[in-house]
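J.: show me how the following folds:
(2 chains)
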2 protein chains.
Amino acid sequence: MNGNKAITKRDVDFAKWYTDVVMAAKLARYSNVKGCIIYEPNGTAIWEKIQQVLDRKFKETGHKNVQMPMLIPENLLRKEGELVAGFAPEVAWVTQGGNKELEERLCIRPTSETLFSDYYHDVVKSYKDLPLKYNQWCNVMRWEKEARPFLRGREFFWQEGHTVHATKEEAEAETRRMLQVYEEFFKDYLAIPVITGRKTEKEKFAGADYTLTVEALMYNGVTLQSGTSHYFGQKFSKAYDIKFVNKDNQFDYAYQTSWGVSNRMIGALIMVHSDDAGLVLPPRIAPIQVAIIPIGKDERVMALANKYKKELLENNITAYVDDSEKSPGFKFAEAEVNGIPVRIEIGSRDIENNQITFARRDTFEKTTKPLDTDVVKYTKELLETIQKDMFNRALERREKLTFEAHNLKEMEDILNKQPGFIHAMWCGDNACEEKIKEIKGCKSRCIMEDAKPIDNKCVCCGKQAKYHVIWGIQY
Amino acid sequence: MNGNKAITKRDVDFAKWYTDVVMAAKLARYSNVKGCIIYEPNGTAIWEKIQQVLDRKFKETGHKNVQMPMLIPENLLRKEGELVAGFAPEVAWVTQGGNKELEERLCIRPTSETLFSDYYHDVVKSYKDLPLKYNQWCNVMRWEKEARPFLRGREFFWQEGHTVHATKEEAEAETRRMLQVYEEFFKDYLAIPVITGRKTEKEKFAGADYTLTVEALMYNGVTLQSGTSHYFGQKFSKAYDIKFVNKDNQFDYAYQTSWGVSNRMIGALIMVHSDDAGLVLPPRIAPIQVAIIPIGKDERVMALANKYKKELLENNITAYVDDSEKSPGFKFAEAEVNGIPVRIEIGSRDIENNQITFARRDTFEKTTKPLDTDVVKYTKELLETIQKDMFNRALERREKLTFEAHNLKEMEDILNKQPGFIHAMWCGDNACEEKIKEIKGCKSRCIMEDAKPIDNKCVCCGKQAKYHVIWGIQY
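T.: Purely as a prediction, here's the structure:
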């Protein structure tokens, strides 16, 4: 394949290629509301598929969904100092309602720790009420200057889990468990290998004791923070007075966590897997897995195409027959740009030659099989192979773009040549982190918690190193 | 059953009873954000179940989900005059973002006709692009003075379908089809019989050519507008310039519809079916259908309870075993207040007597069956019986509270004694509608489109009647 004419080549201009793929696959468009995006059917369907899988995983791990209000009164927002400092500069304020000036302005939630904490203050009285493990799927708003579909914008979609526990141990275990849920989801469904670890003090969530993170590497070597799980300790419970009577009949402040992933994951899907012909989707997350393209109007062809569709659907493989007036070539390109993992081609001549053709979206590889092939079985296997191969290719790419640096010069050379994940030791000093940021905005991605040291000196100051850190340029 | 102590008797104070049921069943609570409600796990789970069923129905009728922005710039809102006039007094305005005053204020969507029309203006070029049949599940905001869970509040949850068509006929057929989807959903899932018809000019949606509506009658005889489907003709397409090239190669303005139902349906479920013991849910919409209550700690009892649970779950009947420390009586009351349709009770003595007990939530009726009963089969039948019986009881109640009036005196007498659905003829004159409203705020619910006249004179002025109308007091 030579790519799609509507799409800039990925190696020529990655940013333009990204936007072109989003538009050509009809995932989203810029709206006339500044900073906001319209998510079209193809983009919304991927998000719904992601929601389905994650929601099941959340429920399996004992979480329940709730819906908090979307507005936060200013005084409620201001109760926890660090959170306000972090978010106040980037919120949208409602100051008028029903044609009147409001006595107190309300912000559209940028995140809902404050609302959940206020609720927990009201309902948590005794250790018998704990834990409460709640989640919500919602829209949030942050007043960003620019918008890029799925990556940055004023309004975005996410889930935010907020839990409250009687003990530190239980809350910390929850923080780790949800990080693991995310890690497995990226690996098993999105076919994206990720690195997990702890954020530095500078990069952690405003108000958290510590933040665990899922970091992914895009095709161009830029890193994407893809999911976070925060341990709050008693910070919010003290600010919002979430007190309960423990087993020893004493008052104690509760322990809290929060964790979230957003539709930014769709941006990661594009930037890790897609190519010059458009979107490439891993089969387990593709809303439609198989495009059946009849060639010509032969009745036998149409009958066969519809028979395959029926059999596939009965076996939980999503499929459609493209029986539109368009030419076969146009239909092929359309299935390709939309990222449908498998295309089945069938024409009159194929029937005479006793064959059908399976085309893989990820590799463009075509396989011809006899007509009496068990189509369901073969398709199922092919989809699993594609899923596995996509993960392995992404892993290979990541390994190719993973580097080690032992001093600033090495770090600079890497970033100037080809950015990626850079392993380097760090003394823990904020000044060194700031200095490294001067090199093309390179930031710490996470502290590797179980990795061996690769040096004993800080990559920046050369003093005793404390942490093995992954660095990179971020979206 | 004598009811639940935490719940005011329905016949004593209906409004208080309603709030008590919402609180006792832990569906929702008032938040500390004025006018906004917190939807707790039990309430959210019902909404998710409703979404699941309706979303499938929308997709089966060819609709796709999208997500529009939640903010509308003032100039965009003002393009269609009637809509603005209807909604402008009750919207929330964002005037500051990222610590700056905005050049143009933006309202939080009260409904999204403007955003969809602006989008359709951008993407609709030819009859080949049509129809576009989109829907979104979202939160909307209207600056109400007070909040009542599921009935009225500043923020609520709904779906809004917005479609655009090449012809009047197609758009009108869509308007009717979606009304029918709603009607069937109310009947088949919510077990609520509804009346459908056309809104009068006074009561129709701001900006619509006409509005079709689904009207339900609550236990106390008050009516609830429960879903609407609007035909816009070319009103919005002219205001937002949605032009396309038709088959004759001429420019034409597109034809549009919109239709929506909200989480107000949960309010209807409560006010139609519930009782002094708490929530009563129709089995097809109950998030949990069966509560299995083991009596005592006998191992055989627990084994049997878990076996039933497993078998029920395998057959797509949602069930749980309440193995908590609470007393059986407490567990019974909890399953009751939460509206679980069927309760299975099993204790050591039951095993010795070779029996288990099935209790219906809707009638409190208990049936004892031998241990070798096919529990899955019997439960399935029982759930279907409950579903049917609930519908029939609601229908009976509605028929009991349906009246006819031939003059204002009769209307007044009915409304003073026991409100309900009142059939009465109307001349079509706005003045008569206004005059009828003076009787306890009684409003036209809908014009019956296929019903026979019950008189030839207007119930108000006595002049020639044009319409057979249903009237009632509304929430």
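
J.: rest of the way, CA atoms for contacts and neighbours
T.: Fine.

J.: next to chain B, which bits of chain A? Give me the list.
T.: A:31-33, A:36-41, A:43-45, A:64-73, A:88-99, A:118-119, A:143-144, A:155 (CA under 8 Å from any CA of the partner chain).

J.: in chain A, which helix is the longest?
T.: In chain A, with assignment by DSSP state H, the single longest helix is helix A:375-400.

J.: show me what the helix or strand of chain A with the lowest mean pLDDT is in contact with.
T.: Lowest on mean pLDDT, DSSP states H and E among the helices and strands of chain A sits helix A:81-87, with a mean of 82. Contacts to helix A:81-87, defined as CA atoms under 8 Å, 6 or more residues apart in numbering or on different chains, come from residues A:77-78, A:110, A:206-207.

J.: let's see which of those residues end up in helices.
T.: A:L77.

J.: quick one: stretch A:413-429 to chain centroid distance?
T.: 23 Å (CA atoms, centre = their mean, to the nearest Å).

J.: cool, and stretch A:175-187?
T.: 12 Å.

J.: what comes into contact with that stretch?
T.: Residues from elsewhere that reach stretch A:175-187, judged by CA under 8 Å, 6+ apart: A:54, A:57, A:192-194, A:196, A:212-214, A:227-231, A:257-259, A:391.

J.: list the buried residues for that stretch?
T.: For stretch A:175-187, a neighbour-count test (16 or more other CA atoms under 10 Å in any protein chain shown) marks A:175, A:178-179, A:182-186 as buried.

J.: so of the residues you listed, which ones are in helices?
T.: A:175, A:178-179, A:182-186.

J.: and the nearest residue to A:E384 once chain neighbours are set aside, how close does it get to chain B?
T.: Leaving out its chain neighbours, the residue that sits closest to A:E384 by CA to CA, 6 or more residues apart in numbering or on different chains is A:P283, at 7.4 Å. Counting by CA to the nearest CA, to the nearest Å, the gap between A:P283 and chain B amounts to 20 Å.

J.: in chain A, which spans are helices?
T.: For chain A, the helices defined by DSSP H cover A:14-24, A:41-60, A:74-77, A:81-87, A:113-123, A:168-188, A:235-239, A:264-273, A:299-314, A:328-337, A:348-352, A:375-400, A:408-417, A:430-437.

J.: return the most buried member of those.
T.: Of all these, helix A:264-273 has the most neighbours on average by mean count of other CA atoms under 10 Å in any protein chain shown, namely a mean of 23.

J.: so what touches stretch A:456-472?
T.: Contacts for stretch A:456-472 (CA under 8 Å, 6+ apart): A:222-223, A:405-408, A:419-428, A:432, A:435-436, A:442-449, A:451-455.

J.: hmm, 7 Å instead?
T.: A:222-223, A:405-408, A:419-428, A:432, A:442-448, A:451, A:453 (CA atoms under 7 Å, 6 or more residues apart in numbering or on different chains).

J.: list the buried residues for that stretch?
T.: A:456-462, A:465, A:467-472.

J.: returning to that earlier point: return the members of the contacts of stretch A:456-472 classed as buried.
T.: Using 16+ other CA under 10 Å, the buried members of those are A:222-223, A:405-408, A:419-428, A:432, A:442-448, A:453.

J.: out of those residues, which sit inside strands?
T.: Among the buried ones among the contacts of stretch A:456-472, the ones falling in strands (DSSP state E) are A:223, A:421-426, A:443-447.

J.: and the closest residue to A:S262 other than its chain neighbours, how far from chain B?
T.: Excluding its sequence neighbours, the residue lying closest to A:S262 (CA to CA, 6+ apart) is A:W158, at 3.9 Å. Distance, A:W158 to chain B, by CA to the nearest CA: 13 Å.

J.: again with A:L312
T.: Distance from A:L312 to chain B, by CA to the nearest CA: 18 Å.

J.: for that residue, give me its contacts.
T.: A:318-319, A:376.

J.: need the residues you listed in a markdown table (columns: pLDDT).
T.: Converted to a markdown table, the contacts of A:L312 look like this (pLDDT from 0 to 100):
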| residue | pLDDT |
| --- | --- |
| A:T318 | 98 |
| A:A319 | 98 |
| A:V376 | 98 |
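
J.: tabulate those in a markdown table, adding columns for distance to A:D20.
T.: As requested, the contacts of A:L312 are exported to a markdown table (distance: CA to CA, whole Å):
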| residue | distance to A:D20 |
| --- | --- |
| A:T318 | 26 |
| A:A319 | 26 |
| A:V376 | 34 |
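
J.: check whether A:T167 really touches A:T257, as I assumed.
T.: No: look at A:T167 against A:T257 with CA atoms under 7 Å: they stay out of range, at 11.5 Å.

J.: and those two? Which one has more around it.
T.: Using other CA atoms under 10 Å in any protein chain shown as the criterion, A:T167 and A:T257 rank with A:T257 on top: 28 against 19.

J.: list the beta-bridge partners for the more buried one.
T.: Assessed by DSSP bridges, A:T257 has beta-bridge partners A:T163, A:Y231.

J.: how far away is it from A:Q234?
T.: According to CA to CA, to the nearest Å, A:T257 stands 10 Å off from A:Q234.

J.: before we move on, what about A:F391?
T.: As for A:F391, its distance to A:Q234 is 39 Å (criterion: CA to CA).

J.: swap in A:A394?
T.: Counting by CA to CA, the gap from A:A394 to A:Q234 is 39 Å.

J.: report pLDDT for the residue nearest to A:E384.
T.: At A:P283, the pLDDT value in this model is 98.

J.: so who does it touch?
T.: When contacts are taken as CA under 7 Å, 6+ apart, A:P283 is in contact with A:289, A:341, A:383, A:387.

J.: let me see the backbone angles for the second one.
T.: Dihedral pair for A:P341: phi -60, psi -40, per degrees, to the nearest 10.

J.: which residues sit in contact with it?
T.: Here A:P341 is in contact with A:281-283, A:289-290, A:360-362 (CA under 7 Å, 6+ apart).

J.: and the pLDDT at it?
T.: Per the predicted model, pLDDT is 98 at A:P341.

J.: how about the last one?
T.: Listed pLDDT for A:Q387 reads 98.

J.: from A:R445, how far out is the residue of the stretch 351-475 of chain A found nearest chain B?
T.: Closest approach between the stretch 351-475 of chain A and chain B, counting by CA to the nearest CA: A:Y475, at 20.2 Å. Note on A:Y475: its distance to A:R445, by CA to CA, is 11 Å.

J.: most distant residue from the middle of chain A?
T.: Seen from the C-alpha centroid of chain A, the residue lying at the greatest distance (CA atoms, centre = their mean) is A:E352, 46.2 Å away.

J.: low-confidence stretches in the stretch 301-450 of chain A?
T.: The stretch 301-450 of chain A contains no residues with pLDDT under 70.

J.: may I have the phi/psi pair for the residue lying closest to A:I270 once chain neighbours are set aside?
T.: Closest residue in space to A:I270, ignoring its immediate chain neighbours: A:L279 at 6.5 Å, by CA to CA, 6+ apart. Backbone torsions for A:L279, taken as degrees, to the nearest 10, come to phi -70, psi 140.

J.: go ahead and confirm A:L279 touches A:A335.
T.: No: between A:L279 and A:A335 there is no contact under CA under 7 Å: 9.5 Å.

J.: ok, which of the helices of chain A comes nearest B:A15?
T.: Smallest distance to B:A15 across these (CA to CA): 23.6 Å, for helix A:113-123.

J.: what mean pLDDT does the closest one have?
T.: 97.

J.: ok, now stretch A:133-146?
T.: The average pLDDT within stretch A:133-146 is 95.
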